[in-house]
Structure formats: C-alpha cells, structure tokens
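Colleague: would you be able to build a 3D model of this:
(one chain, ligands or ions: 2)
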Amino acid sequence: MASAGGWRPPEGLPEVAFSGRSNVGKSSLLNRLVRRKAFARVSKTPGRTREINFFGVNRAFILADLPGYGYARISKERQGEWVHLIEGYLRHNPHLRGVVQLLDARHDATDDDRRMFALLADVGVPALVVVTKIDKLAARQRALQVTALAAQCGVSEDQVIPCSAVTGEGRDDLAASLAALLDLTPTHG
Ligand SMILES: Nc1nc2c(ncn2[C@@H]2O[C@H](COP(=O)(O)OP(=O)(O)O)[C@@H](O)[C@H]2O)c(=O)[nH]1
Ligand SMILES: [Mg+2]
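Modeller: Numbering: from 1, shown residues only. Ligands and ions are numbered 1, 2, ... in the order given. Reported below is the predicted structural model:
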C-alpha cells in the first residue's frame, strides 16, 4: 500500500512538492537545490518509490518528493493507489504552497504529464515548470524543446525553468522562484 512514510514534517511550515514521471530527475534536482549529495535518494530502479518523502530545509520550509508516475511496469492497481495518494496529498494539505512539475528535456510531455497539470489546475495549486536534464540537449535544440513542452502542457514559456542536476544550470533561478512561492523574505543577521 502506498503511504507517506518515514519522517513527517512539523506542523505549520510551508511546503512545496516535486512531481513528475518516474526517473525524470526529481531526487537529483532536490539534491542540487539543497547542495547535498545524498539528501534525496537517486534511484537506479525506476518506479520503486511509492511513498512521499519529506525534507525539512533550514527549519523554514518543507520539500516533498512525490512518487513518480508513468512507470510502465507498475500494475493498474498500483496506479490507482498512486492517484489516491497524490490527490489526497494535494487536496488536503493546507501548507502546500505549490508544486514543481518536472519534464524531461529529451521527451515530449506524456498523457500522465497532462493529467498531472489538469489535476493541479483542478486543485488550484500554483505550478512551477522545470525542464530538466537540459544538459542532454544541444544549444540550438533547447529553446525549441522548451517552446514545444510549454505548448504541450498549456503553460506560458516564461513559466518554464530549464535545469540540469549535472551542471547546476537553472538551480539559482529555481531557488529564487521557490523563495517567492514560499514567501520567504531574506533575513539579516
Ligand atoms: N544528464 C542528466 N542526468 C540526470 C539529471 N537528473 C537526473 N539524472 C539521471 O536520471 C536518473 C534518474 O534520476 P532520479 O533523480 O533518481 O529521478 P527520480 O526518479 O525522478 O527521482 C539517474 O540516473 C540520474 O543520474 C540531469 O539533469 N542530467
Ligand atoms: Mg526519486
């Protein structure tokens, strides 16, 4: 049974969730974001994580690593559990400020991706869109692919942040967008 396992965040901290296809690079990007190597586990076995992993950052906010979807070899029953878990999480989380939706730079958006955007719109959660693994594309392909993916998902191109967990590209832009979403104002001293 899918469940939110392990550590649970303390009540009251604002939260942002990372979502996307299995193997899209969520855990790798989370690690880049917090500048730690083994913060979120990078898996060699796609489709294995069936729980929500929560990470506290600086006692200021929570990042949630949602289980990936679209892994071909999981059963219909498991997919049903997935939808139940994610929808419950999105709908009944008063601290959720937004979702970072990841897309793979090398692939077109899938039906599952479009379903996820529809769900986010239905629940009314703000979404940041990250096109990740951008290091895999040649410079001239990048802009074209960002345009195509934005159109496929019905989002505006300037909502899209190209990122790479390998080179660190996009990390600072993503951090700034997250800070705005979480309404974190810089503190002095
Ligand atoms: N080239 C490249 N590979 C990546 C990037 N992000 C993740 N990967 C690789 O993609 C695979 C899946 O990554 P992971 O973070 O576990 O994906 P998750 O299932 O979405 O959490 C791993 O082999 C990673 O090393 C990236 O930005 N660039
Ligand atoms: Mg992962």
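Colleague: help me confirm that Glu77 is found in a helix?
Modeller: Yes - assessed with DSSP: H, G, I helix; E, B strand; the rest coil, Glu77 lies in a helix.
Colleague: around it, count how many other residues there are.
Modeller: By the other C-beta atoms under 10 Å criterion, the neighbourhood of Glu77 contains 8 residues. The C-beta positions use only the backbone N, C-alpha and C, and glycine is treated the same way.
Colleague: check Ala176 too.
Modeller: Applying other C-beta under 10 Å, we find 11 residues neighbouring Ala176.
Colleague: what of Glu87?
Modeller: For Glu87, the neighbour count with other C-beta under 10 Å is 13.
Colleague: that one in helix, strand or coil?
Modeller: helix.
Colleague: correct me, but it touches Leu120?
Modeller: No - between Glu87 and Leu120 there is no contact under C-beta atoms under 8 Å: 10.7 Å.
Colleague: and Gly98, that's in a strand?
Modeller: Yes - under three-state DSSP, Gly98 falls within a strand.
Colleague: help me confirm that Gln101 is found in a strand?
Modeller: Yes - according to three-state DSSP, Gln101 belongs to a strand.
Colleague: kindly state the beta-bridge partners for it.
Modeller: For Gln101, the beta-bridge partners are Ser19, Val129 (DSSP bridges).
Colleague: ok, now which ones touch it?
Modeller: When contacts are counted by C-beta atoms under 8 Å, 6 or more residues apart in numbering, Gln101 touches 19-20, 113, 116-117, 120, 127-130, 153.
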